[in-house]
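1. following is a predicted model, sequence given first.
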Amino acid sequence: MLRRILACLATFAFMSFLFPAVPSQAETNTRSGTDDCPLGYLCVWEHPNYQGRMYRFAGANASWAAWDINNKDSSWYNNGTEGMLACVWSGTNYQGSVKVIQHQTSSPSDSTHGDRGSSNSWAHFWC
């Protein structure tokens, strides 16, 4: 029993190291373009071509309902950890269709996935 508890604690500590619980935050983007996206974040704009309000997400977020960007995302930039894919999901809890953005790449618009984002996660190989 003690071994199981210790194994669970070790697993939790390891997962916390890999996926820290960093709160996401929203900021107003005063300039267009991806230069305002801080290192370590997925940045999402409400309009195509990185225009309008910018939201930045550090960790995985099961729901964007708390932010005005929910189902209003139109452009994206992955400035996260090298080798990590940013995954923007059409549903909460990482469900539905997914838009995959490779590290340090951007998508100024996407008619298939635009205005559909409801959660985000990170992955090494595939979302």
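-> Sure thing, it's come through.
2. only C-alpha atoms for contact and neighbour calcs from this point on.
-> Will do.
3. so where is this structure shaky, pLDDT-wise?
-> For the chain, applying pLDDT under 70 flags the ranges 1-32.
4. all strands for this structure, in order.
-> Using DSSP state E, the strands assigned to the chain run over residues 25-27, 41-47, 51-57, 75-79, 85-89, 98-101, 106-107, 119-123.
5. can you tell which of these is closest to Ile69?
-> strand 41-47 (6.4 Å; Cα to Cα).
6. just the angle between that closest one and strand 85-89, please?
-> If you take axes from the mean of the first three to the mean of the last three Cα atoms, to 10 degrees, strand 41-47 sits at 40 degrees to strand 85-89.
7. contacts for strand 41-47?
-> Residues outside strand 41-47 that contact it (Cα atoms under 8 Å, 6 or more residues apart in numbering) are 37, 50-59, 69, 72-80, 86.
8. repeat for stretch 120-127
-> For stretch 120-127, contacts defined as Cα under 8 Å, 6+ apart pick out 59-63, 83-89, 94, 98, 100.
9. quick check: end-to-end length of that stretch?
-> End-to-end distance for stretch 120-127, by Cα to Cα, to the nearest Å: 10 Å.
10. off-centre distance for that stretch?
-> In terms of Cα atoms, centre = their mean, to the nearest Å, the centre of stretch 120-127 is found 9 Å from the chain centre.
11. begin at 42 from here
-> Understood, numbering begins at 42; the last thing we discussed is stretch 161-168.
12. could you list the buried residues of that stretch?
-> 161-163, 168 (16 or more other Cα atoms under 10 Å).
13. what do you get for stretch 129-140?
-> Going by neighbour count (16+ other Cα under 10 Å), the buried part of stretch 129-140 is 129-135, 139-140.
14. please export the C-alpha coordinates of that stretch as CSV.
-> In CSV, the C-alpha atoms belonging to stretch 129-140 read as follows (Å, rounded to 0.1, in the frame of the first residue of the first chain):
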residue,chain,number,x,y,z
VAL,A,129,-6.5,24.1,-30.1
TRP,A,130,-9.7,22.0,-29.7
SER,A,131,-13.2,22.9,-30.9
GLY,A,132,-14.7,21.4,-27.8
THR,A,133,-14.0,21.7,-24.1
ASN,A,134,-11.9,19.0,-22.3
TYR,A,135,-9.8,18.5,-25.5
GLN,A,136,-12.6,17.1,-27.6
GLY,A,137,-13.8,17.7,-31.1
SER,A,138,-11.7,18.7,-34.1
VAL,A,139,-8.2,20.0,-33.5
LYS,A,140,-6.0,22.7,-35.0
